[in-house]
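1. Sequence and predicted structure are below.
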Amino acid sequence: MNEIIISEIALQKFRQRVKPCPDPGDGVHQWFYHAACCAVDAGLPDEEAIEEIEALMTRDPIGSEIEDALAAARGARRPSVKWPKVNAEQVEAITADGPRVVDVWKASPVEMPITNANRAQLITKLLFPGDPLLCVGQSTDDFDTKGRSELADTLHDRALIVASPMIAPKGRTRKEKRWSAHTLENTGPRRFVVIEFDRATLEAQAALIHHLSQIAPSLALVVFSGSKSLHSWFYCATQAEETQLRFMRYAVSLGADRATWTRSQFVRMPDGTRRDGKTSAALEECGILGVPAGKQVALYLNPEVVQ
């Protein structure tokens with residue numbers, strides 16, 4: 001069988017498997033990875049795959065979105081990220097007289113009263129529209145990946161969530177190559193950059209989050225971990241990975257935990273429930289009273305930044 005026939009068969013396989021590209025704002029960035037996987041499975045070389053994917057797109061690519069998706073689909077590993085050292089002087093300047101936790105809470109575009117009501121379902125619906133696969137868990141060894149609608153009634157009982165939709169119910173772990181519902185392989189393109197400053201006080205964390213929100217006006221969510229930290233979710237699905245990484249590196253220079261850069265990293269479920277059922281007095285010390293025991297209360301929500 002000559003190369004022309006082989007190439008034509010690969011093209012036919014790709015065109016049969018690939019789904020239509022959604023409208024701009026409805027998940028084009030996530031679709032890139034789906035299309036890239038279809039191209040790789042069909043046996044298309046990158047040059048042809050890029051041409052075919054571009055022909056199906058409903059908007060222009062941002063940066064190297066297609067190339068990044070193809071690299072991920074082929075399992076290519078990028079060089080290790082070099083993280084900056086913490087700039088203590090800048091952190092001190094930002095936190096000296098910055099907004100506090102109460103200010104962030106009151107600034108929420110959607111009012112977020114302290115309540116025992118189940119808001120996890122609504123929040124995840126706003127942040128992950130449609131019915132994508134989500135990986136959620138009560139702990140790092142007790143988790144599952146299912147459609148959002150199937151998980152809806154149980155989300156408030158979960159402690160953890162991956163802040164990006166999953167592309168398959170299971171994937172293979174890197175080291176053992178065993179199948180699992182929580183792997184980097186079955187995690188889709190990054191939807192949110194989640195920042196956690198767990199070594200600073202809550203008041204200092206609030207000032208740092210506010211500072212970052214002035215640089216990247218895409219702050220969608222702030223969640224109290226129930227212990228000693230705030231998780232801030234910045235929507236990034238329409239940005240090139242280089243832009244995402246530049247933002248994350250800057251956050252790390254202010255003391256952010258670099259672990260949340262890993263796409264498959266678990267973060268706190270908004271309005272979820274801690275496994276230990278406990279809640280620290282940290283929020284009360286900041287003037288926010290009445291947080292139910294064990295609740296990872298969502299303090300800030302802005303669904304308008306999510307596309």
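-> Cool, got the structure. These figures come from a predicted structure and were not determined experimentally.
2. rest of the way, CA atoms for contacts and neighbours
-> Fine.
3. contacting residues around stretch 175-184?
-> 135, 143-145, 169-174, 263-264 (CA atoms under 8 Å, 6 or more residues apart in numbering).
4. Which parts of the stretch 201-307 of the chain are strands?
-> Remark: strands assigned in the stretch 201-307 of the chain by DSSP state E, counting those that start in this stretch are 219-224, 230-235, 266-268, 272-273, 295-296, 298-301.
5. who does the fourth one touch, helix- and strand-wise?
-> So that's strand 272-273. Where contact means 3 or more CA pairs under 8 Å, 6 or more residues apart in numbering; DSSP states H and E, strand 272-273 is packed against strand 295-296.
6. Neighbouring strands - and their directions - for the strand it packs on?
-> Strand 295-296 sits in its sheet next to strand 272-273 (antiparallel), going by DSSP bridges.
7. what does the strand it pairs with contact?
-> Strand 272-273 has contacts (CA under 8 Å, 6+ apart) with 120, 155-160, 294-297.
8. Out of those, which comes closest to His211?
-> Closest to His211 out of the contacts of strand 272-273 is Val297 (21.5 Å), distances taken as CA to CA.
9. Can you say which of the contacts of stretch 175-184 are buried?
-> Taking 16 or more other CA atoms under 10 Å as the criterion, what is buried in these is 135, 143-145, 169-173, 263-264.
10. Select from the residues you listed every entry located in strands.
-> 135, 143-145, 171-172 (DSSP state E).
11. quick revisit: okay, the strands of the stretch 201-307 of the chain in TSV with mean neighbour count and mean pLDDT next?
-> Shown next, in TSV, are the strands of the stretch 201-307 of the chain (neighbours: other CA atoms under 10 Å; pLDDT from 0 to 100):
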stretch	mean neighbour count	mean pLDDT
strand 219-224	24	98
strand 230-235	26	98
strand 266-268	24	97
strand 272-273	28	96
strand 295-296	28	96
strand 298-301	26	98
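12. Quick one: closest of the ones you listed to Phe192.
-> strand 230-235 (4.5 Å).
13. Check the offset of that closest one from the chain's centre.
-> Offset of strand 230-235 from its chain centre (CA atoms, centre = their mean, to the nearest Å): 9 Å.
14. who does that strand pair up with?
-> strand 192-196 (antiparallel), strand 219-224 (antiparallel).
15. quick one on the thing from earlier: for the buried ones among the contacts of stretch 175-184, which one is nearest Trp233?
-> Ranked by distance to Trp233 (CA to CA), the buried ones among the contacts of stretch 175-184 are led by Arg263 at 12.9 Å.
16. Just give the nearest non-adjacent residue to the closest one, would you?
-> Arg190 (6.0 Å; CA to CA, 6 or more residues apart in numbering).
17. Report whether the one you found is found in a strand, as I expect.
-> No: counting by DSSP: H, G, I helix; E, B strand; the rest coil, one finds Arg190 to be coil, located in no strand.
18. so what's it up against?
-> 163-164, 236-237, 263.
19. Out of those residues, who's the most crowded?
-> Using other CA atoms under 10 Å as the neighbour criterion, Ala163 leads the contacts of Arg190 with 29 neighbours.
20. Indicate which one of the strands paired with strand 230-235 is closest to Asn116.
-> Among the strands paired with strand 230-235, strand 219-224 sits nearest to Asn116 (CA to CA), with 14.2 Å.
21. Pull the distance from the closest one to the chain's centre.
-> From the chain centre to the centre of strand 219-224 is a distance of 12 Å (CA atoms, centre = their mean).
22. Please apply the same query to stretch 107-119.
-> 21 Å.
23. Now that stretch: average pLDDT?
-> Stretch 107-119 shows a mean pLDDT of 95.
24. and the end-to-end length of it?
-> 18 Å (CA to CA, to the nearest Å).
25. what does that stretch rub up against?
-> The contact list for stretch 107-119, computed with CA under 8 Å, 6+ apart, reads 105, 156, 271, 289-292, 295, 297-302.
26. 7 Å - rerun?
-> 156, 271, 290-292, 299-302 (CA atoms under 7 Å, 6 or more residues apart in numbering).
27. thinking again about what came up before, redo the strands of the stretch 201-307 of the chain as TSV? Include distance to Ala72.
-> Shown next, in TSV, are those (distance: least, CA to CA, whole Å):
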stretch	distance to Ala72
strand 219-224	26
strand 230-235	20
strand 266-268	20
strand 272-273	31
strand 295-296	32
strand 298-301	31
